[in-house]
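**Q** Got a predicted structure plus its sequence, pasted below:
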Amino acid sequence: MSRIGKLPVKLEKGVKAQLSGSTLKIEGPKGKLEQEVPRGFTVEIGDGAILVKRPGDTNAERALHGLTRKLIANMAEGVTKGFTKVLEINGVGYRAEAKATQINLSLGFSHPIVYQLPPGVTAKVDRQTVITLESADRQLLGSVAAEVRELRPPEPYKGKGIKYATETIRRKAGKAAAGSTAA
């Protein structure tokens, strides 16, 4: 049996789980999320825990068992605590400003960039160079953070661009001094 898949998903107080057909809905203080359960899998909602059971023992079913359980665990954690991603902006004149549902970015282009946040994701900007994205949906948050980073990925020579706070940029040396040319 899958080691991850057989673990129960614990639900905090104030979190409600409901299964309708093959859709699992989880609701908590940070929002509502829903996930399709793969065909053949059963989800048992007990008092304070959710248990996922698989239909057979093939490799694909075992892999999908752990994945389904982890997706449900992420939903349960997201509606209680939420998830955050922190992005840092490096570069002279590079800055960001958060307004209601959008981020205004100045990234060295001839025009400012306005990034529209999808519903369920909020942004805060500290010191004009640190963007903190928050959401209950871990998958949506990761894709939004990747899209914002892709607007100006960090370059290896000066390190300018948008990077994750936990990311380290491997720097390159650049061109060697041109003083040793023979004429």
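**A** Ah, there it is.
**Q** How is this protein partitioned into domains?
**A** Per the record, the chain has its domains at 9-80, 83-164, by automatic domain parsing.
**Q** any idea which element the residue most central in space within the chain lies in?
**A** Central residue of the chain (Cα atoms, centre = their mean): G142, 2.2 Å from the mean position. Using DSSP states H and E, G142 maps to helix 138-150.
**Q** tell me the mean pLDDT over that helix?
**A** Average pLDDT, helix 138-150: 91.
**Q** Report the buried residues of that helix.
**A** By neighbour count, with 16 or more other Cβ atoms under 10 Å as the criterion, the buried positions of helix 138-150 are 138, 140-141, 144-145, 148-149. Yep, even glycine has a C-beta here, placed from its N, CA and C like the rest.
**Q** and which of those is nearest E155?
**A** Within the buried residues of helix 138-150, the smallest distance to E155 is 12.5 Å, found for R149 (Cβ to Cβ).
**Q** May I have the residues that are in contact with that closest one?
**A** 87, 162-164 (Cβ atoms under 8 Å, 6 or more residues apart in numbering).
**Q** Weed out the non-buried ones from these.
**A** Counted by 16+ other Cβ under 10 Å, the contacts of R149 give 87, 162-163 as buried.
**Q** The residue nearest to the centre of the chain reaches T84, doesn't it?
**A** No. Between G142 and T84 there is no contact, the gap being 11.3 Å when judged by Cβ atoms under 8 Å.
**Q** Low-confidence regions, this structure specifically.
**A** Counting by pLDDT under 70, the chain shows low-confidence ranges at 1-2, 177-183.
**Q** could you pull out the strands for it?
**A** 9-10, 16-20, 23-28, 31-36, 42-45, 49-53, 83-90, 95-99, 102-106, 113-116, 121-126, 130-135, 161-164 (DSSP state E).
**Q** roughly how far out does the last one sit from the chain middle?
**A** Once both centres are worked out by Cα atoms, centre = their mean, to the nearest Å, strand 161-164 turns out to sit 15 Å from its chain's centre.
**Q** How about stretch 118-130?
**A** Centre to centre, stretch against its chain (Cα atoms, centre = their mean), the figure for stretch 118-130 is 13 Å.
**Q** which residues touch K158?
**A** By Cβ under 8 Å, 6+ apart, the residues touching K158 are G91.
**Q** Pull up the gap between it and I169, please.
**A** Separation of K158 from I169 (Cβ to Cβ, to the nearest Å): 10 Å.
**Q** Ok, K30 next?
**A** On the measure of Cβ to Cβ, K30 and I169 end up 32 Å apart.
**Q** For the two, indicate the residue with more neighbours.
**A** Shown here are K30 and I169; by other Cβ atoms under 10 Å, K30 has more neighbours (19 against 16).
**Q** Spit out the contact partners of the more buried one.
**A** By Cβ under 8 Å, 6+ apart, the contact set of K30 is 78-82, 136.
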